[in-house]
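In: fold the following for me, if possible:
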Amino acid sequence: MTLPAWLTAVTFNDDGLIPAIAQDHQTGRILMMAWMNAEALQLTAQTQTAVYFSRSRAKLWHKGETSGHTQIVHDIRLDCDADVIVLEVTQKGGIACHTGRESCFYQRLDLSGQTPEWQTVDKVLKDPADIYHSQESTSDTYETESTGANADSDNIQTQSDSAQTQVDKASVLQQLDQVLAERKQADADSSYVASLYAKGLNKILEKIGEESTESIIAAKDFANCDESTDKANYDEARHELIYEVADVWFHTLVGLAWFDIESDAVLSELGRRFGLSGIDEKAAR
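Out: Residues are numbered from 1 along each chain as shown. The predicted structure is shown next:
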């Protein structure tokens, strides 16, 4: 794909991505950070609405496609090193964060005590359940790239239309097998997964390790939450743990597909172990 001249001036990272910071056009407040590839940036410029790239789902996502909280883009700026984008936006609905807050940056480090402590300083403007489950699209996923933690998720991003989000849970692994097999043959610039395969096994294993670490951190964070004292924080931490584990599963499947091993082989092994004593199974190895 031949890029227009203005896009060639942008420095994308090894994954073909660039961080994009969305800033309120009127107040200057930082609303969120997500990732863009060249296509997302080009579409953002063409449509003057924010389009990002989901690392976890390896596809574009239009901000607000499920929540209705789209971002109208007034200005696009590139930093001095050409490797960070700032969007000046009007945030529809006044909510940029999947937690129902104005900004994803709602935690402030309190330095007044002996030990620095993160404090939640922004209130929830709308319950996430009301935002995402009241829409015509019945997507199970939030549309964020998880600005503080990762993204991949990304974001946890919604698919581009409701039909695509209606994935049969019973066959989702088989569908992923098919997609991953196709990505192995695709051009490296066509998707996130294709770029992983182009970079080789070590890069894939690196991502599995990275996502595993993030799932451990998410689990520890969730363990410290108390549903009775802060329901919103509890729900967010629970969602974050599920998201991170999904990232681990996904990248593990990418690794299996590298060796042409389909998910059914793992399911068969789990089925073989079902009903067996874990101690006996381990001893038989």
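
In: and for residue 60, the neighbour number?
Out: By other C-beta atoms under 10 Å, the residues close to residue 60 number 18. Yep, even glycine has a C-beta here, placed from its N, CA and C like the rest.

In: that one bridge partners, please.
Out: Taking DSSP bridges, one obtains residue 53 as the residues bridged to residue 60.

In: help me confirm that it comes into contact with residue 47.
Out: No: at 11.4 Å, residue 60 and residue 47 do not qualify as touching, with contact defined as C-beta atoms under 8 Å.

In: look at residue 26 and report its pLDDT.
Out: Taken from the predicted model, the pLDDT recorded for residue 26 is 93.

In: same question for residue 166.
Out: 45.

In: and what of residue 169?
Out: 70.

In: now do residue 266
Out: Looking at residue 266, its pLDDT is 94.

In: and it, helix, strand or coil?
Out: For residue 266, the secondary-structure state derived from DSSP: H, G, I helix; E, B strand; the rest coil is helix.

In: show me the helices in the stretch 1-150 of the chain, by range?
Out: Taking DSSP state H, counting those that start in this stretch as the criterion, the stretch 1-150 of the chain carries its helices at 5-8, 38-47, 128-132.

In: got JSON lines for these, with mean pLDDT and distance to residue 172 too?
Out: Rendered in JSON lines, the data for the helices of the stretch 1-150 of the chain read as follows (pLDDT from 0 to 100; distance: least, C-beta to C-beta, whole Å):
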{"stretch": "helix 5-8", "mean pLDDT": "94", "distance to residue 172": "34"}
{"stretch": "helix 38-47", "mean pLDDT": "95", "distance to residue 172": "25"}
{"stretch": "helix 128-132", "mean pLDDT": "72", "distance to residue 172": "19"}
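
In: want to throw those into CSV with distance to residue 207 and mean neighbour count?
Out: Formatted as CSV, the entries for the helices of the stretch 1-150 of the chain read as follows, by distance: least, C-beta to C-beta, whole Å; neighbours: other C-beta atoms under 10 Å:
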stretch, distance to residue 207, mean neighbour count
helix 5-8, 26, 11
helix 38-47, 20, 18
helix 128-132, 27, 16
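
In: with distance to residue 257 added, can I get these in a markdown table?
Out: Converted to a markdown table, those look like this (distance: least, C-beta to C-beta, whole Å):
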| stretch | distance to residue 257 |
| --- | --- |
| helix 5-8 | 31 |
| helix 38-47 | 24 |
| helix 128-132 | 30 |
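
In: and of those helices, who's closest to residue 69?
Out: When those are ranked by distance to residue 69, counting by C-beta to C-beta, first place goes to helix 128-132 at 7.6 Å.

In: what is the neighbour count of residue 31?
Out: By the measure other C-beta under 10 Å, the count of residues near residue 31 is 25.

In: I'm done for today, thanks for sticking with me.
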